[in-house]
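Novice: coords please:
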Amino acid sequence: MTGPVGVRLSATRTRSTNDHGQPLGRPVEWTGAAAPATDTVLEGKGVRLEPIGPQHVDDLFAALCRPDDDATWTYLFWERPRDRDELARIFDANREAGQVTFAIMPVETERAAGFCSLMRIDPAMGSIEIGGIAFGRQLQRSRAATEAMALLMRHAFDDLGYRRYEWKCDSLNGPSRRAAIRLGFIWEGRFRNAVVYKGRNRDTDWFSITDREWPRVSAALDAWLDDDNFDDMGRQRARLAARPPEQQPDQQPDQKEQ
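Specialist: Residues are numbered from 1 along each chain as shown. Got it, this is the predicted structure:
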């Protein structure tokens, strides 16, 4: 018996159980994914993602680090930077940790208004996480923010060949949880007492999209981002429907500390 690329497969690999009656995962022809490059620019209609550099720091400090921006940093691992050098050190630390951090730049201003990172990058297993997301006020609840997330998903699945795309957040971070579900992520569970940060406990909620789910999510994102879905004032005509019908927001666990 041969596989789809002419590689001979054992009878065991084509069955759902082995000779001992034990269940097996589905066969996968897998050679690994590509690591994201540190110089890739992702272009969309309304937003561009650039690998973060010193040229973005001043704009990001202005967009995210004013005294009234404290709430933006509550669920991030860092306190709000008090000066641009402190913000730059965050990006340097991300780079040293192997993350690929992008500046999110709406095309209407050509100025960085937020950032996010690809992290926990495992090309051998085909798993990658989007995290460390911070949106300035211009990006919050905007078409550009959704397009930025769509660009990164497409890059991970279509360009780099990943099988799994992760999103994790503090279980008490309601906006992040709702954003993940809206974008089509599936809630996988809660890791209790997973992290201590800023002197407090974090139970971490895990979400993911797999390569088998990506066609559904991609089609929903494309339909929502289409110009015909927005009126002359830029208001959406139809809501984003990337999540599967069997997972509605009210089916998620309680937000209270457990």
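Novice: I'd assumed residue 123 was in contact with residue 32.
Specialist: Yes: using C-beta atoms under 8 Å, residue 32 is in contact with residue 123, at 5.2 Å. Using the backbone N, CA and C atoms, a C-beta is placed for each residue, glycine as well.
Novice: Strands of the stretch 151-258 of the chain, residue ranges please.
Specialist: For the stretch 151-258 of the chain, the strands defined by DSSP state E, counting those that start in this stretch cover 164-170, 186-197, 200-210.
Novice: And the first one, what does it pack against?
Specialist: Under the contact criterion of 3 or more C-beta pairs under 8 Å, 6 or more residues apart in numbering; DSSP states H and E, the helices and strands touching strand 164-170 comprise strand 127-135, helix 174-182, strand 200-210.
Novice: just so I know, which of these lies nearest residue 230?
Specialist: Closest of those to residue 230 is helix 174-182, at 16.6 Å (criterion: C-beta to C-beta).
Novice: in the closest one, what counts as buried?
Specialist: Neighbour counts over helix 174-182 (16 or more other C-beta atoms under 10 Å) mark 176, 177, 179, 180, 181, 182 as buried.
Novice: can you redo the strands of the stretch 151-258 of the chain as CSV with mean neighbour count and mean pLDDT?
Specialist: Output for the strands of the stretch 151-258 of the chain, formatted as CSV (neighbours: other C-beta atoms under 10 Å; pLDDT from 0 to 100):
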stretch, mean neighbour count, mean pLDDT
strand 164-170, 22, 98
strand 186-197, 13, 98
strand 200-210, 18, 98
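Novice: Can you lay out those as CSV showing distance to residue 109?
Specialist: Output for those, formatted as CSV (distance: least, C-beta to C-beta, whole Å):
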stretch, distance to residue 109
strand 164-170, 27
strand 186-197, 32
strand 200-210, 29
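Novice: Which among those strands is found nearest to residue 54?
Specialist: Smallest distance to residue 54 across the strands of the stretch 151-258 of the chain (C-beta to C-beta): 26.8 Å, for strand 186-197.
Novice: In terms of secondary structure, what does that closest one contact?
Specialist: For strand 186-197, the packing partners by 3+ C-beta pairs under 8 Å, 6+ apart come out as helix 174-182, strand 200-210.
Novice: And the ones you listed: which comes nearest residue 21?
Specialist: The nearest among the helices and strands packed on strand 186-197, by C-beta to C-beta, is strand 200-210 at 27.1 Å.
Novice: Which elements pack onto the closest one?
Specialist: By 3+ C-beta pairs under 8 Å, 6+ apart, strand 200-210 packs against strand 164-170, helix 174-182, strand 186-197.
Novice: one more time with 7 Å
Specialist: strand 164-170, strand 186-197 (3 or more C-beta pairs under 7 Å, 6 or more residues apart in numbering; DSSP states H and E).
Novice: Distance to residue 59 added to those, as CSV?
Specialist: As requested, those are exported to CSV (distance: least, C-beta to C-beta, whole Å):
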stretch, distance to residue 59
strand 164-170, 25
strand 186-197, 26
